[in-house]
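Participant: make a model of this:
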Amino acid sequence: MLNYTCYICDFRTEDRKAYISHVKEVHGEFIKRHVLAHKYGGVVPVCKECGAEVAFNEKQIDFNSYCVNHKKLAQIEWSKNNGFGAKMDPKQNLGKTKEDFEFLRRKSESMMGKGVKVFSPEEIKENTAKRLATEAERGSRILKDEKWERWCAESLKRGMRVVSARTEKTQLKDDVTFRCEICGNESRGSLMMFCQNRKEQTFGCKICTHRQIAEKNGNFFRKTEGPWNEFISKVRTDLKLEVLTPYKDYVNNQQKLEVLCLNCGKTSFKNSCSLRSGNRCYFCSKQGKSAWEAIVKSAIESKGYVVLDHVRLGRKEIDLLVDTGGRRVGIELNGLYWHCELEKEPGYHVNKYLAAEKEGISLLQFFEDEWRDHPELVTNTIIAELGGLRTIPISSCSVSVEQEPTLFYEENCLLGSPRKSHCSVTIRLDGEIIAAISIRPATISKHGSELFEISRYVTKPGLFVQGGLEAAIKMFKCLTFPTPMSGLIYGQNLRFGAGEQFEEAGFVLVERSEADYSYTDFENRFSRFSYKATTTQTERERAEQDQVFKIFGVGSKIFVRKI
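Facilitator: Numbers count the residues shown, from 1 in each chain. Here you go, the predicted structure:
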């Protein structure tokens, strides 16, 4: 599998679509221009054989090495480099060497810096014209009966019947008329587009496709009446809106529901998705501003900070932005439905984080269930990132190794208590726990052997223990473990901060991991370990069975410190 690396920043991925989306959303460039400008200096590369300007390969996200007239040479070179020459075509290059094959001789000389042919501008222009003529001829190739019938059968499998009749001059680039077998709607499409992208592009009726998506989403409420009652109760409590549309008339989440504002008494129409995302009354509330934003904004402003809402970030926007003068902190709340894999690509949150980082903004991202279940912890995490903490020196505290303080982790950490922890060091002030550090044997071995992982470092809200991390490390060094401990490793979840305190404590950044993920049923999130593959089912099959979907995070920064 290809590994795509951005030419501007450190973004890496194996997902082709995620890479294209990153280039477009973060850097504002189309992928062809991006590769041309940053890899080839704005000059279109030429064919190794004839000097014609080569075409851009959308699948490889790079320019071809040869033009279409010398595509066979590219196949020979590929098969030679990948060891499949004998399997593909024994006559291509089997037994040929640079002594008896001209192409291999020139390739060998080129790699050694000798015999490299230099093409004149006239040659490049002439051969480029030949290349374009060849591509145009291939694009206007007349279809034969056998290929036409095969294509029509494939289209019919997708529910679209070809109405147009094939003539003697029907070509790939011609448009034909389709009729949907479900609703009878007719539309037109290009034969060439279908033949080039039939494996990736779904040919189907737009009307029926949209209806099927709406019906699928509407099943969330149609299973039982219980979720509907919980939904209207939550809307009434959080948004001060009364849903007037009865349950029996509900069709899907695109349907406009009639709602009555309990504050101003006016009625309006909103779909269930907008209500679930916090869209309040049009008349007495600022449209597009959810309830949680007002609460968080008020809490931060009470600390003396200036908060801006809906700040533009390229083509996107940040919910809240706090500018302290020394640093800028962005805050976002991501709904579980609108930010799962059904609506957002895997790299969406990472791309937004990188775009904010490029602008000098520390972006905090919280999920809907975190704010719903632990609003105080979310607010405290934001205040901590802004630097509004009371500092307590470690000399005023007592440090000891104790049993895992599970309740302390549950009450003060959004991630909850750690799994399979080995031991914990607790820091107390006047007998009360104000900080706890938990470690366990590391599951990541590529950064060194005999490492132990700091699975949690949690402090009381509003407090910063100066020297607390260093004191805990000294305590760990004095303990006896089943295996030797050569160092500590820590993964900072980038949704909650960048981990500056670990860098200050002597930890070294060794890696930025890819986006993590969990599963959601649109109401709660579940660890991906809950859906591990079994002997009979894959992870995806188990998730589909429970009707849960992936929701991606931002990833982590991995820090290591040798001791």
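
Participant: now stretch 443-461: buried residues?
Facilitator: Neighbour-count burial for stretch 443-461, counted by 16 or more other Cβ atoms under 10 Å, picks out L451, F452, E453, I454, S455, R456, Y457, V458, T459, K460. From N, CA and C alone the C-beta is placed, and that goes for glycine too.

Participant: stretch 506-513 now?
Facilitator: Using 16+ other Cβ under 10 Å as the test for burial, stretch 506-513 gives F507, E511, R512.

Participant: now these as TSV including pLDDT, distance to R372 and secondary structure?
Facilitator: What follows is those, written out as TSV (pLDDT from 0 to 100; distance: Cβ to Cβ, whole Å; DSSP: H, G, I helix; E, B strand; the rest coil):
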residue	pLDDT	distance to R372	secondary structure
F507	88	33	coil
E511	87	32	strand
R512	87	29	strand
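
Participant: of those, closest to D249?
Facilitator: Among these, R512 lies closest to D249 (Cβ to Cβ), at 49.6 Å.

Participant: I figured the closest one was touching V350, is that so?
Facilitator: No. The pair R512 / V350 is not scored as a contact, 9.5 Å apart, by Cβ atoms under 8 Å.

Participant: coming back round to it: narrow the buried residues of stretch 443-461 to those in strands?
Facilitator: Those of those mapping onto strands are L451, F452, E453, I454, S455, R456, Y457, V458, T459, per DSSP state E.

Participant: what's the pLDDT at the first one?
Facilitator: L451 is assigned a pLDDT of 84 by the prediction.

Participant: so who does it touch?
Facilitator: Neighbour list for L451: P441, A442, I444, S445, M485, S486, G487, L488, I489, V560 [criterion: Cβ atoms under 8 Å, 6 or more residues apart in numbering].

Participant: could you turn the buried ones of those residues into a ChimeraX selection?
Facilitator: Here is the ChimeraX selection string for the buried members of the contacts of L451, based on 16+ other Cβ under 10 Å:
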select :442,485,487,488,489,560
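
Participant: looking at the contacts of L451, which are in strands?
Facilitator: Among these, DSSP E puts P441, G487, L488, I489, V560 in strands.

Participant: per the record, what domains does the chain have?
Facilitator: 4-138, 145-204, 211-276, 392-484 (automatic domain parsing).

Participant: and the average pLDDT for the longest one is what?
Facilitator: Average pLDDT, domain 4-138: 74.

Participant: could you do the second one as well?
Facilitator: Confidence for domain 145-204, expressed as mean pLDDT, is 69.

Participant: one step back: can you put the buried residues of stretch 506-513 in JSON lines and add distance to K358?
Facilitator: Formatted as JSON lines, the buried residues of stretch 506-513 follow (distance: Cβ to Cβ, whole Å):
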{"residue": "F507", "distance to K358": "24"}
{"residue": "E511", "distance to K358": "20"}
{"residue": "R512", "distance to K358": "14"}
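
Participant: which one of these is nearest L132?
Facilitator: The closest of the buried residues of stretch 506-513, once distances to L132 are taken by Cβ to Cβ, is R512, at 42.5 Å.

Participant: does the closest one have beta-bridge partners, and which?
Facilitator: In this entry, R512 is beta-bridged to K557, by DSSP bridges.

Participant: so who does it touch?
Facilitator: Contact partners of R512, counting by Cβ under 8 Å, 6+ apart, are D10, G555, S556, K557, I558.

Participant: between those, which is nearest F496?
Facilitator: Using Cβ to Cβ, S556 comes nearest to F496 of the contacts of R512, at 10.0 Å.

Participant: tell me the contacts of the closest residue to the closest one other than its chain neighbours?
Facilitator: Distances taken as Cβ to Cβ, 6 or more residues apart in numbering put G491 closest to S556, at 4.1 Å, once the chain neighbours are dropped. Contact partners of G491, counting by Cβ under 8 Å, 6+ apart, are E453, S513, S556, K557, I558, F559.

Participant: ok, now how distant is G491 from S455?
Facilitator: Counting by Cβ to Cβ, to the nearest Å, the separation of G491 from S455 is 9 Å.

Participant: try V350
Facilitator: 23 Å.

Participant: give the other helices and strands that the longest helix along the chain contacts.
Facilitator: Ranked by residue count under DSSP state H, the longest helix found in the chain is helix 121-139. Helix 121-139 sits against no helix or strand, with contacts defined as 3 or more Cβ pairs under 8 Å, 6 or more residues apart in numbering; DSSP states H and E.

Participant: what about the residue nearest to K39 when sequence neighbours are not counted, which helix or strand?
Facilitator: Setting aside the residues directly before and after it, K39 is nearest to Y7 in space (Cβ to Cβ, 6+ apart), at 5.9 Å. Using DSSP states H and E, Y7 sits in no helix or strand.

Participant: Y7: how many residues sit nearby?
Facilitator: Counted with other Cβ atoms under 10 Å, the neighbours of Y7 add up to 13.

Participant: do L389 as well
Facilitator: Neighbour count for L389, taken as other Cβ under 10 Å: 17.

Participant: about what we covered before: and the domains of the chain: which comes nearest I361?
Facilitator: Short answer: domain 4-138, nearest of these by Cβ to Cβ, at 13.1 Å.

Participant: where exactly do the helices run in the stretch 1-150 of the chain?
Facilitator: Here the stretch 1-150 of the chain has its helices, by DSSP state H, counting those that start in this stretch, at 16-27, 31-39, 71-82, 85-88, 90-93, 102-111, 121-139, 145-157.

Participant: partners of the helix or strand just after the last one in the sheet?
Facilitator: Toward the C-terminal end, the helix or strand that comes next after helix 145-157 (DSSP H and E) is strand 160-162. Using DSSP bridges, strand 160-162 pairs in its sheet with strand 175-180 (antiparallel).

Participant: mind listing what's buried in the partner strand?
Facilitator: Within strand 175-180, the residues scored as buried using 16+ other Cβ under 10 Å are V176, F178, C180.

Participant: before we move on, the earlier item: and the ones in strands among the contacts of L451 as a markdown table, adding pLDDT?
Facilitator: Shown next, in a markdown table, are these (pLDDT from 0 to 100):
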| residue | pLDDT |
| --- | --- |
| P441 | 81 |
| G487 | 84 |
| L488 | 88 |
| I489 | 88 |
| V560 | 89 |
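
Participant: closest to E370 among those residues?
Facilitator: Closest approach between the ones in strands among the contacts of L451 and E370, by Cβ to Cβ: I489, at 25.0 Å.

Participant: which ones are touching the closest one?
Facilitator: Contacts of I489 by Cβ under 8 Å, 6+ apart are A442, I444, H447, G448, L451, F452, E453, I454, I558, F559, V560.

Participant: okay if I get those residues as TSV plus distance to K17?
Facilitator: What follows is those, written out as TSV (distance: Cβ to Cβ, whole Å):
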residue	distance to K17
A442	33
I444	28
H447	30
G448	34
L451	35
F452	38
E453	33
I454	35
I558	26
F559	31
V560	32
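
Participant: so W371: helix, strand or coil?
Facilitator: helix (DSSP: H, G, I helix; E, B strand; the rest coil).

Participant: state the pLDDT value of the residue nearest to the spatial centre of the chain.
Facilitator: Central residue of the chain (Cα atoms, centre = their mean): G347, 1.7 Å from the mean position. Reported pLDDT at G347 in the predicted model: 87.
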